[in-house]
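> Take a look and give me a structure for this.
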Amino acid sequence: QKRNHTPSLRLQLCSNHHCKTNKQTMSGSKKQQVPKPIVFGTAGAGGIMAWMVVHPFNTLAVRMNLASSQGYQFSLGAMVKESGWGSLYDGIGAGIGRQLIYATARFGLFETFRDALHEYRGKTDFASRVGVGALTGGMAAYMSCPMEVSCVRMSNDATLPAAQRRNYKSVFDTITRIAKEEGVAAYWSGSTPFVQRAMMVGVFQVATYDQFKLMYANLFSQKKDSVPNVFCAAMTSGLLYSIVTMPLEASKNRMANQKPDPKTGELLYKSTLQTIRAVSAKEGFLALYNGFLPYYGRCGGHTVFMFIFVQLLRENYVKYAM
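Numbering: from 1, shown residues only. Below you'll find the model as predicted:
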């Protein structure tokens, strides 16, 4: 079955080699392949551009999620009154740094590993894409964990009582002080749930995104890979993996933001499962879903904007540089 392989608003999560082979045999035009450095570069740039749009959602999600652990009820009005709307961009430097590493590695490695696996197996099937999505998501998360810890702390610092604030001045100050005050290992506080979450996102995104695009195209007569089609599919896919991964996100936030007990020097949260159990026992299981709506806005919104920005960057590279 032949498909229309005109430039589309999506990352190449499909079987790219099959697409390429089919297109090359069609009446004439051969698809120009984007070089691997550009694949990585556009993934990182698209991730950063999308993050600048959705960072306020991340700030709200972190603050709402950590509010109960800090003994207060989150209020948007109180936050704006005390800190102003600009505080929604607290930690943007660390967020951009995270995307520079995470988005570049996650999508760049996904396409590299997928293509290498295709060369080895001679095909790229659904199971391969899911497996590669989980593996590369986990790898990218582990590499970017220092920036994730910095982003969580900077985003939430303004909500702490004045005596408990760390008062980080910038992402560089945050990175430097964490190493000096807590040791390099603190960069990977919460790395386990962060990696687990990223692997689940990789699986659910690969498993559901293309299916939802096809479903919406059939149900609402949308043109497949158009902006409305990408938006509907990404937001629906994002809803599913937001529901599944929110407890992991909450665990990561608490582990990344915690301080050692001043008397014993022990950390309250030590692992994903122990954190989920401790929060559920003390505050109820639904406390893990505090901040779900902005978290969903961040997940779905970042998927939409990143897919669009990456595709536009690659199309313009092909148009003007090749």
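> How about stretch 271-289, which residues are buried there?
Thr272, Thr275, Ile276, Val279, Ala287, Leu288, Tyr289 (16 or more other CB atoms under 10 Å). Placement of C-beta: from N, CA and C, glycine included.
> which ones are touching the first one?
Applying CB atoms under 8 Å, 6 or more residues apart in numbering to Thr272 gives the contacts Thr192, Pro193, Gln196, Leu248, Ser251.
> what's the closest of the residues you listed to Val132?
Gln196 (16.9 Å; CB to CB).
> Now Ala207: closest residue in space that isn't a chain neighbour?
Closest residue in space to Ala207, ignoring its immediate chain neighbours: Val130 at 5.8 Å, by CB to CB, 6 or more residues apart in numbering.
> mind listing what that neighbour touches?
So Val130 contacts Gly202, Val203, Val206, Ala207 (CB under 8 Å, 6+ apart).
> Try it again at 7 Å.
Each residue near Val130 by CB atoms under 7 Å, 6 or more residues apart in numbering is listed here: Val203, Val206, Ala207.
> Report how many residues lie close to Glu315.
Neighbourhood size, Glu315 [other CB atoms under 10 Å]: 15.
> Just the element for it, please.
Using DSSP states H and E, the element containing Glu315 is helix 292-321.
> Of all the residues in that helix, which ones are buried?
292, 294-311, 313-314, 317.
> Show me how far that helix is from its chain's centre.
Distance, stretch centre to chain centre, for helix 292-321: 12 Å (CA atoms, centre = their mean, to the nearest Å).
> Okay, and Val195 sits in which element?
helix 191-220.
> And that helix, how far out from the chain middle?
Averaged C-alpha coordinates place helix 191-220 at 12 Å from its chain's average position (CA atoms, centre = their mean).
> what's the answer for stretch 106-117, then?
Using CA atoms, centre = their mean, the offset of stretch 106-117 from its chain centre is 17 Å.
> rewinding a little: same list, the buried residues of stretch 271-289, but as TSV with distance to Leu88, secondary structure and pLDDT please.
Formatted as TSV, the buried residues of stretch 271-289 follow (distance: CB to CB, whole Å; DSSP: H, G, I helix; E, B strand; the rest coil; pLDDT from 0 to 100):
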residue	distance to Leu88	secondary structure	pLDDT
Thr272	28	helix	95
Thr275	26	helix	96
Ile276	28	helix	96
Val279	25	helix	95
Ala287	23	helix	94
Leu288	23	helix	96
Tyr289	21	helix	96
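> Give me the mean pLDDT for the host helix or strand of Leu66.
Leu66 is part of helix 36-67 when elements are defined by DSSP H and E. Across helix 36-67, pLDDT averages out at 94.
> again with stretch 87-94
94.
> got it, and stretch 309-322?
89.
> And stretch 242-258, by the same measure?
The average pLDDT for stretch 242-258 rounds to 94.
> Give the buried residues for that stretch.
Across stretch 242-258, burial judged by 16+ other CB under 10 Å covers 242, 245-258.
> For Phe309, give its distance to His302.
10 Å (CB to CB, to the nearest Å).
> what do these two both touch?
With CB under 7 Å, 6+ apart as the test, Phe309 and His302 both reach Ala50.
> Would you map the helices across the stretch 101-250 of the chain?
Under the criterion DSSP state H, counting those that start in this stretch, helices of the stretch 101-250 of the chain are mapped to 126-156, 171-182, 191-220, 227-257.
> Mind giving me the packing neighbours of the shortest one?
Put plainly, it is helix 171-182. helix 92-121, helix 126-156 (3 or more CB pairs under 7 Å, 6 or more residues apart in numbering; DSSP states H and E).
> now the ones you listed in CSV, with distance to Met235?
As requested, the helices and strands packed on helix 171-182 are exported to CSV (distance: least, CB to CB, whole Å):
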stretch, distance to Met235
helix 92-121, 19
helix 126-156, 19
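> Determine which stretch of those helices is the most buried.
The highest average neighbour count among the helices and strands packed on helix 171-182, using mean count of other CB atoms under 10 Å, belongs to helix 126-156 at a mean of 22.
> follow-up on the earlier one: need the helices of the stretch 101-250 of the chain in CSV (columns: distance to Thr104).
Output for those, formatted as CSV (distance: least, CB to CB, whole Å):
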stretch, distance to Thr104
helix 126-156, 8
helix 171-182, 17
helix 191-220, 14
helix 227-257, 20
